[in-house]
Structure formats: structure tokens, C-alpha cells
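> For reference, the sequence and a predicted model appear below.
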Amino acid sequence: MTAHQKTTEFLLAARYGQYDLLQNLLNTNDNCLINSQDKFGTSALHLAVMYGHQDVIKILLAHPKINTNLQAYLNNEFSSKYSPLDMAIKYKLPIESIKMLVEAGASTNHPEVLLEMLFDDRCGVVENENNAVLTVKDYAPFEAALEILDVLIKEVPSMSSAAGIPVSIFLQAIDAALADPQAKMLVQKIMANASEYHLDRYDHAFLIAKDLTHVFPSSNNYLVKNDFFVGEMEAEGHLRPFVANSFYESVVEYQNILKNSFTWTDYAFEISGMPLANYLALKLHVFSELNSTYYLADLSLKHSALYDTSKILYQFYSEGNTILLPTGWEGHGIDIILDKNLGLYAVANTGDRYTADLPGGVHAYQNTSPISDEDIYAILNNSMQHNLEYEHYYKLGLVENLAFSREFPDQVYGNCGINSLLVANWELTYISLFKQTNDPILSKQLAELWHQDLVEHHKTYVLKEYLSEPYFADDQPLYNALINYEDKLDHKEKIEQTKLILDYLSSPEHVIDFRNFYDTNQQEFSVELSDFIHKNGYDSVIHPSDVLFTQDLLNGTELVLQFQNTSISENRDNTTEIYSAEHLVTVLPIHQNISLPFSEPCEGLFA
């Protein structure tokens, strides 16, 4: 029997589960046989896994020379290769078999398939037909799957879902959807381990990049590249809990700024007609209420499936407080606002809606039926657009309330993760002001200005986080922000954002790329932005080789002087004197292509 024939027989034995024949072939002590592959890279272990021969898998893994990470093409798919573990997951082998492969040193090239395995029937996880709540029916396979994941996270720190979501963030989403405290504890244990593997650094980088795509959205996908991840990112709704959490954190920061600025005032003070002390007290009170509302909203995003969360929210609502319920459906986020004292049920939505006739913004309704903790639970865990935006209104007997409604422009890009929340923020600010002043006109005026302040502060907050993160490779989001969002520097936060971006892009690591972008796209810069760049000296940083037009006092020839780091003074007779030209590059007559190098300092060249 030739070596080729022997290999063929060995692979066929694995394919058809011929245990005895396989054992006999291995007993020949041909160590090359155990890792032999066909022209597609398929090994005996691949075949045993693909066809579910458990006993063959065991005997192969017991061999001391086995390579558990050989790569093979799958069927007619030649774009990527699969390890035996990848195939075991894809072909839905029992958890015990997958665990056996992992313990033998098998790894994965397709972690997204592994993560999706957590939703398979073999892991005992069931999604409720009526909502987005997950229930674990069988703990043994579920716990085994998490143990497998825990082992592989150490080996593949960049593990992510099919949507590119990092593993630990993916686990947080599962944790939020689980209704069982025992199951949540198991998931949280793996999340804690992921943090110990330093994945929290990767998560932070990923989430800050995602944040930036939401506050400065674009039709372009941005490249994110760091130690763990290389891929494209865009604004979309799947990571809403984390985008919302960033906004909540910026509200806390903004409130602290107000607390620590006792003499602080703003342009809204002038229209309030209040003494300064009363104005500041009102603003602090409103933002304190916003902070409490967002704290509970954050809790609901993290633990929406736990019924106790709805009970806490209901208690807060029953005491006359306004509550915010972040909800939505697949890929799209909206916000429901409830206030018992006002009898208010408001929906903040600037994206996908049940009916296209409904404009974007806040649509408020007068609620004539009592709200229960069951209603709150149903809203938080909704998975059906029809139920939330249409049928539920009629069940609650809602009547339109125009006094608390306001249209906002529809989102242009997929940034519903923040856009609906920002619209909700206007509504929450107005409600709080109205309840304090009972003056709808003043409340709307102040809500408009305070809302804009907070929105711009949040952009600055996200931008600072992004610029402080050293694991990015793409400056395109910052270019986009300059052209599309800093065109009118009509707010102090916009001025700060622009300065932050220009300082970053003018640094030695980025200035060359920025120079190319600036030269190519300068016509797209607004007049305000161009003036800001010039008045603040950024143009001299972008182009350190300045150009000076002067006259040669000796022969009257017009010259172009290109110099670097040169001290210049213009005399009263309109001549120009160079006090120190150590770095003089060239002296070029306009009509002659002449280069005159200077190796010595030139004192008083034109004196």
C-alpha cells in the first residue's frame, strides 16, 4: 500500500466512523498519518467532527502527535478556512464534544460562530416568543458552553460576534436579556474573567469609537485598528445600551460642572427673568432630576429582563417622578417617557416608525388608563414594533397631547442609539422645567437652550474620550466632524471641540495626513472654520514652510522666500528684515528656477 493509499484509507475511516480500522492504522506507528490532509486541508479530525463520530474523535485526540488546529476549507467555501473546533460548533456537535476539543488545545478562527452557539437549543437557552427575554431551560450545557468560551477568550482576545461586537460586550447584552438570576451570575463570572484578561481596554476603545460614530455620524464607515481589532465601524442601533451609558455619564459630568461653578452663568439666564441665584438653583434642580432619571434608565438597560427592575421603576413612577424607558426593536432604539402626575406617555423616535406619516420627534399622549409594573416590563422587553408603537397606545387609551409634543428632524444615518435619546432629553428637560415653573413658554425656551448645551457637552465628552484613547488608526471621523459639524462655531462647546480636533491633527504623528486632507478639501471648510484655523495659527502648523513675497532691494526682483523657524520683522519703509535665517530653505526669483542654499546664519540679509 502506498503512502497516498494509506492516507486515503485513514481519512475514509474517519469519515465513516470505522473505529477498528482507524485504530489498526494508528497502531502502525506512522506518525505522519494522524495529521494527514487531503487537497482541501481536511484532516481525519475534521471528518470525524463533521460527521459526528464521537468515538473516533476521542481516539484521535488521544494520539500524542495530534494537531488540533489544522485548517481546512468547508465544502465549496474557499474564502476562509476552518479548524476542527470551528466545524464542531458549526455542525452543532454536543457541548461535551466541543469541550473535549478545547481541552485538547483546539482553537477557533471563527469566534462569531462560537458566540452564536449560546443561543442554540443545545445550550438550553430559549427566547420568549412575546418579548426579548432569554430563559435557560437546561443549565448543564449552558454552563459548559460558558466554560468553553472562558478558555477561548484567553487565546483569542479579539473574539467578536458576527456583527463585530467584542465578546465581553456581547456577554453584557446576553446578561441584560436573561431573566434568571442564576444564569446572570454564570455570565457575569465570565465577564469578570474577561476583564482580568485585559479585554476591558479593548472594550473601551471599541465603545468610544462607536460613540464617536453616533455623535458625529457619517455615511462613511470608519476604520478602527488597535491591538485587538481591525475592522470598520458605523453608527447603528445594536450597541444602544453602551452609547446611552456614555450619555448618562456625560450628564453626571455636566451636573458636577454646574455644582462647582457657583458664579457660572450663560445666555439662557438673560431670558429667564430670574435672580441669578434662583436661576442657578433651578438649573441644578433640573439636572439633578435628569441625573436620577438616567440612572434608573441605565439600570433598566442593564437588567431589563429582571422583573424587579420594572418594580423599582414603577415605584419611582408612582411617587410622581418622570421615568425613561429605553426600548425598541431589532436594530432600532426609541425611548418611552412616563409621568404619572401629568398623565403623560411620550415616545421619542427619530428613525424607523410604524407609520411613515408620523414625523420624527417626541409624540406625547394623555394616558387615561393606569400604568402597572407589568406595562413597564412589557415596554422594556418589547421585541415587536407593532406592539410598542401602535397596539399598545390603544390598549392604554392614549389621546394625543400636543402641549408636550415636538417635531425633530429624522436621523440621517443609523445613529438611533443616541438620537432618540437626545430627543428624549429635550422632553425630560421640558417636563422638569414645567413642573417647577408652571410656565410652558419659559420652560420651552430654557429647555431648548439647556438641551443644546448638554448635547454639545456630550459631543465634547465623547471627543475627549476618543482623543485620549491611544489604540486608533483612523483620523477620518475627525475630518468628518470638522467639515460637517464644526461649520458654524456658534457655541462655546463647538469651539472647544474644534480646538481639540485641530490640536490632535496638528500633532507630529498626524499632521502630514492632515496636511494632505486640508489641501484637498479646504474648499469644503466653512468660512468660520477657515477663519478659526487662521486666527489660531493652525495654518502655520499645517504648512511650516511659509511663503513670503518681498523685494530685493538691490535689483528690484520680486522673490519668494521659503523659510522655517525664521524670525521676521517688517520695517517702516515696507522692507522686510530677516533677523535669523539659520533654517532658510530657498530663495527663488519668481521668473527663475534658482535655489540658493545657505549654510551660515544670514544676519540682516536685506538691511
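Cool, the structure landed.
> Quick one: list the elements packing against the host helix or strand of residue 450.
Using DSSP states H and E, residue 450 sits within helix 440-467. Helix 440-467 makes packing contacts with helix 199-215, helix 240-259, helix 268-272, helix 416-437, helix 492-505 when contacts are defined by 3 or more Cβ pairs under 8 Å, 6 or more residues apart in numbering; DSSP states H and E. For glycine as for every other residue, the C-beta is placed from the backbone atoms N, C-alpha and C.
> out of these, which comes closest to residue 280?
In terms of Cβ to Cβ, the element of the helices and strands packed on helix 440-467 nearest to residue 280 is helix 240-259, at 7.6 Å.
> rewinding a little: closest one to residue 57 among the helices and strands packed on helix 440-467?
That would be helix 199-215 among these, by Cβ to Cβ, at 30.3 Å.
> Now that closest one: buried residues?
Buried residues in helix 199-215, defined by neighbour count with 16 or more other Cβ atoms under 10 Å: 199, 201-203, 205-215.
> quick one: stretch 287-306 to chain centroid distance?
Once both centres are worked out by Cα atoms, centre = their mean, to the nearest Å, stretch 287-306 turns out to sit 20 Å from its chain's centre.
> For that stretch, list every residue counted as buried.
Taking 16+ other Cβ under 10 Å as the criterion, stretch 287-306 shows 287, 289-290, 293-294, 296-298, 300-306 as buried.
> Next, give me the two most distant ones among the residues you listed.
Pairwise over the buried residues of stretch 287-306, using Cβ to Cβ, the maximum falls at 287 and 305, 30.0 Å.
> Which positions in stretch 439-452 come out as buried?
Buried, per 16+ other Cβ under 10 Å, within stretch 439-452: 442, 443, 444, 445, 446, 447, 449, 450, 451.
> As CSV, these with distance to residue 128 and pLDDT would be great.
Formatted as CSV, the buried residues of stretch 439-452 follow (distance: Cβ to Cβ, whole Å; pLDDT from 0 to 100):
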residue, distance to residue 128, pLDDT
442, 46, 94
443, 40, 95
444, 41, 95
445, 45, 93
446, 43, 94
447, 38, 95
449, 43, 92
450, 40, 94
451, 36, 94
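> could you dump the residues you listed to TSV with distance to residue 378?
Listed next are the buried residues of stretch 439-452 as TSV, based on distance: Cβ to Cβ, whole Å:
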residue	distance to residue 378
442	36
443	31
444	31
445	36
446	34
447	29
449	36
450	32
451	29
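> helix or strand for residue 168, which one?
With DSSP H and E as the test, residue 168 turns up in helix 167-177.
> got the angle between that helix and helix 199-215?
In terms of direction (axes from the mean of the first three to the mean of the last three Cα atoms, to 10 degrees), helix 167-177 departs from helix 199-215 by 80 degrees.
> Could you pick out which of the buried residues of stretch 287-306 are located in helices?
287, 289, 290, 293, 294, 296, 297, 298, 300, 301, 302 (DSSP state H).
> what sits against the last one?
Okay, so that is residue 302. Contact analysis of residue 302 by Cβ atoms under 8 Å, 6 or more residues apart in numbering lists 172, 175, 176, 241.
> residues near the third one, how many?
Translated: residue 176. 23 (other Cβ atoms under 10 Å).
> from here on, count from 47
Renumbered: residue one is now 47, and that last one reads residue 222.
> can you pull out the helices in the stretch 347-496 of the chain?
353-364, 419-426, 431-432, 438-441, 462-483, 486-513 (DSSP state H, counting those that start in this stretch).
> what sits against the spatially most central residue of the chain?
In the chain, the residue lying closest to the centroid (Cα atoms, centre = their mean) is residue 256, at 1.9 Å. Contact analysis of residue 256 by Cβ under 8 Å, 6+ apart lists 279, 281, 285, 288, 289.
> pLDDT score for it?
On the pLDDT scale, residue 256 is placed at 84.
> The stretch 47-196 of the chain: helices as residue ranges?
Going by DSSP H, counting those that start in this stretch, the stretch 47-196 of the chain shows helices at 49-61, 65-72, 90-96, 100-107, 130-136, 141-149, 157-162, 185-201.
> Mean neighbour count, the ones you listed: which tops it?
When those are scored by mean count of other Cβ atoms under 10 Å, the highest mean neighbour count falls to helix 90-96 (a mean of 28).
> Lowest mean pLDDT across the helices of the stretch 47-196 of the chain, which one is that?
The bottom spot among those, by mean pLDDT, belongs to helix 157-162, with a mean of 70.
> can you count the residues close to the closest residue to residue 83 other than its chain neighbours?
The shortest distance from residue 83 to any non-neighbouring residue, by Cβ to Cβ, 6 or more residues apart in numbering, is to residue 89 (5.0 Å). Neighbours of residue 89 under the rule other Cβ under 10 Å: 26.
> Kindly report the same for residue 565.
10.
> same deal with the one 10 residues further on?
Here the count is done by other Cβ under 10 Å, and residue 575 has 19 residues near it.
> same check, this time on residue 363
By other Cβ under 10 Å, 20 other residues sit near residue 363.
> List the residues that contact the residue lying closest to it once chain neighbours are set aside.
Among residues not flanking residue 363 along the chain, residue 369 sits closest, at 4.8 Å (Cβ to Cβ, 6+ apart). Residue 369 sits next to 339, 342, 343, 359, 362, 363, 383, 384, 385, 422 when contact means Cβ under 8 Å, 6+ apart.
> Give the bridge partners for the nearest residue to the third one once chain neighbours are set aside, please.
Using Cβ to Cβ, 6+ apart and skipping the chain neighbours, the partner closest in space to residue 343 is residue 370 (4.3 Å). Taking DSSP bridges as the rule, residue 370 bridges to residue 383.
> Tell me how far residue 370 lies from residue 527.
28 Å (Cβ to Cβ, to the nearest Å).
> Who has more neighbours out of the two?
residue 370 (25 against 21).
> Now do the more buried one, the pLDDT please.
For residue 370, the model assigns a pLDDT of 97.
> Report the contact partners of it.
Counted by Cβ under 8 Å, 6+ apart, residue 370 has contacts 339, 340, 342, 343, 381, 382, 383, 470, 474.
> at 6 Å instead, please
339, 343, 381, 383 (Cβ atoms under 6 Å, 6 or more residues apart in numbering).
> quick one on the thing from earlier: surely the residue nearest to residue 83 and residue 116 touch.
Yes: the criterion here is Cβ atoms under 6 Å, and residue 89 meets it with residue 116 at 4.6 Å.
> buried set for stretch 352-369?
Buried residues in stretch 352-369, defined by neighbour count with 16+ other Cβ under 10 Å: 352, 353, 355, 356, 358, 359, 360, 362, 363, 367, 368, 369.
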